[in-house]
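**Student:** just a sequence and a predicted model for now, questions to come.
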Amino acid sequence: MNEKELIESGNMKMDWARNHMPVLAIIREKFEEEKPLKGLKVGMALHVEAKTAVLVETLAAGGAEVSITGCNPLSTQDDVALALGTRKNISCFARYGVGSQEYYEAIDRVLDSKPDITIDDGADLIFKLHKERTDLLPNILGGCEETTTGVHRLHAMEKEGALKMPVIAVNDAMTKYLFDNRYGTGQSAWDGINRTTNLLVAGKNVVVAGYGWCGRGVAMRAAGLGASVIVTEVDPIRALEARMDGYRVMKMSDAAKLGDIFVTTTGNRDILTAEHFKSMPDGAILANSGHFNVEIDMEALTSLAKTVRTVRNNIKEYDIGDKRINVIAEGRLVNLAAGDGHPAEVMDMSFANQALCVRYIAENKLPNGVHRVPQELDNYVARMKLESMGISIDELTDAQVCYMSGWECGT
Ligand SMILES: NC(=O)c1ccc[n+]([C@@H]2O[C@H](COP(=O)([O-])OP(=O)(O)OC[C@H]3O[C@@H](n4cnc5c(N)ncnc54)[C@H](O)[C@@H]3O)[C@@H](O)[C@H]2O)c1
Ligand SMILES: N[C@@H](CCSC[C@H]1O[C@@H](n2cnc3c(=O)[nH]cnc32)[C@H](O)[C@@H]1O)C(=O)O
């Protein structure tokens, strides 16, 4: 495709996403009228694809000047990146398949815009701001963080007294993690695996590492596709929950021998290592849907391999002598690096939270530290989503309020 065709394709993807993001549409309308972000610069490092682009144009509609780059070298969709770059008050520095140097240079270019507010997915911008670009910190009103691991990092910074700005943990809104991490990852990880492998899931042993919100979603959809699901965990309560949800639970060293497809969702490193690769069945398929590219020890796999070859678009086969192991999308997020990411209806809620939190930061002076998404914003997103789905729910009567909250209303 030439540049014009790419831009057309990007615009078409954005139109489709926009039409399936009704809560963000309500917020965009308000932003257009009220311009709550007028005069502010927003710097973003998020997966640059169509739903993110709808968030970007929502912030621009609110009066912000937006600079954006990617938060994963393999999740950028170049057509969307180009289409975004043609919009007024929007600069996009993301490109698919960049090396590490170009990836971090693009983050610097976003920071060069001297943002008042940041939006991160994995804390890349905040990390650089605190390590190399500290001169920009006094200008920052606050930031938003999209994902679990990013929030963990921010809490670690806060604990050590290293966090020098307020950040809202958008991931921790209930209308984010209960839907995005669970139903979003549950569907999009399998979309990525299925469209990339074109193999059957039914009848296979699927090993899901981690039974958090993402793992629950991935396991639930694997079971729905007919797999026999095995869960590995380190948290005894979550392990127990997985067992009572009907899955087999065991150590990875045992699961490694049984799995046909492995999906990591822990946000941790070294989940699949040399020890596991050596005991896996021939032809095992590995995918990561957690964080960056450290859940599968790609270095160890590469050094074990006698040969490495591409066997299908986005699948590399590592021949380690007595068996072949297939890795999707270099061990990076399978739903974004081998698919189109989460469904638009789910990102509608995640990005409604982002837009509302950016406005909240603009309108409230927050102290440095990690902040929760205000409950009223979380409730608002849920209500708007229900309304967009044509669902009405009951309201408590006065007598019910009294019964639930008082102690004199009777036993
Ligand atoms: N692919 C996506 O689009 C997507 C969406 C949301 C979140 N994420 C990322 O996925 C990861 C998980 O997010 P979450 O919200 O499910 O987090 P979570 O904290 O709810 O779950 C992670 C689980 O992994 C378990 N775990 C940690 N180390 C383990 C190990 N060595 N072996 C087995 N289990 C282990 C933890 O006990 C926990 O139960 C994070 O990195 C998050 O940023 C990805
Ligand atoms: N940047 C890191 C962190 C994990 S991304 C995980 C986050 O991606 C977000 N996400 C999932 N699908 C999409 C999408 O289609 N568009 C934009 N963001 C998405 C989701 O909200 C989740 O919290 C990495 O790439 O490894």
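**Tutor:** That came in fine, so what should we check first? Numbers count the residues shown, from 1 in each chain. Ligands and ions are numbered 1, 2, ... in the order given.

**Student:** in the stretch 201-350 of the chain, what residue lies closest to ligand 1?
**Tutor:** Nearest residue of the stretch 201-350 of the chain to ligand 1, counting by Cβ to the nearest ligand atom: Gly212, 1.6 Å away. No exception for glycine: its C-beta is placed from N, CA and C like everyone else's.

**Student:** quick check: that residue touching Glu241?
**Tutor:** No: with contact defined as Cβ atoms under 8 Å, Gly212 does not reach Glu241; the gap is 10.4 Å.

**Student:** what secondary structure does the closest residue to ligand 2 within the stretch 151-300 of the chain sit in?
**Tutor:** Using Cβ to the nearest ligand atom, the closest approach of the stretch 151-300 of the chain to ligand 2 is made by Phe292 at 4.2 Å. Of the three states, Phe292 takes coil under DSSP: H, G, I helix; E, B strand; the rest coil.

**Student:** list the contacts of Gly10.
**Tutor:** By Cβ atoms under 8 Å, 6 or more residues apart in numbering, the residues touching Gly10 are 50, 53, 77, 79-84.

**Student:** quick revisit: gap between the residue of the stretch 201-350 of the chain closest to ligand 1 and His152?
**Tutor:** Going from Gly212 to His152 by Cβ to Cβ, to the nearest Å gives 11 Å.

**Student:** list residues touching both of the two?
**Tutor:** Common neighbours of Gly212 and His152, counting by Cβ under 8 Å, 6+ apart, are Gly267.

**Student:** the worst-scoring helix or strand of the chain on mean pLDDT packs against which elements?
**Tutor:** Least confident helix or strand, the chain: helix 398-405 with a mean of 91, by mean pLDDT, DSSP states H and E. Applying 3 or more Cβ pairs under 8 Å, 6 or more residues apart in numbering; DSSP states H and E, one finds that helix 398-405 contacts no other helix or strand.

**Student:** the helix or strand hosting Ser9 and ligand 2, are they touching?
**Tutor:** Per DSSP states H and E, Ser9 falls inside helix 3-18. No: using Cβ under 6 Å from any ligand atom, helix 3-18 never reaches ligand 2; the gap is at least 8.8 Å.

**Student:** could you pull up the mean pLDDT of that helix?
**Tutor:** Helix 3-18 shows a mean pLDDT of 97.

**Student:** ditto for stretch 244-262
**Tutor:** Per-residue pLDDT over stretch 244-262 has a mean of 98.

**Student:** and that stretch, which residues are buried?
**Tutor:** By neighbour count on 16 or more other Cβ atoms under 10 Å, the buried set for stretch 244-262 is 247-250, 252, 255-256, 258-262.

**Student:** same thing with stretch 234-243?
**Tutor:** Across stretch 234-243, burial judged by 16+ other Cβ under 10 Å covers 238-239, 241-242.

**Student:** do stretch 81-99 as well
**Tutor:** Residues of stretch 81-99 classed as buried: 81-84, 87, 89-95, 98 (neighbour count, 16+ other Cβ under 10 Å).

**Student:** and that stretch, how far out from the chain's middle?
**Tutor:** When C-alpha coordinates are averaged (Cα atoms, centre = their mean, to the nearest Å), stretch 81-99 and its chain have centres 19 Å apart.

**Student:** touching, Leu333 and Ile296? I think so.
**Tutor:** No: look at Leu333 against Ile296 with Cβ under 8 Å: they stay out of range, at 11.5 Å.

**Student:** what do those two both touch?
**Tutor:** Asn288.

**Student:** how about the nearest residue to Leu163 once chain neighbours are set aside, phi and psi?
**Tutor:** Computed as Cβ to Cβ, 6 or more residues apart in numbering, the closest residue to Leu163 that is not its neighbour in sequence is Met157, at 4.0 Å. The phi and psi values for Met157, taken as degrees, to the nearest 10, are phi -60, psi -40.

**Student:** mind pulling the model confidence for Met157?
**Tutor:** 98.

**Student:** isn't it up against Met165?
**Tutor:** No: with contacts counted by Cβ under 8 Å, Met157 stays clear of Met165, the gap being 9.8 Å.
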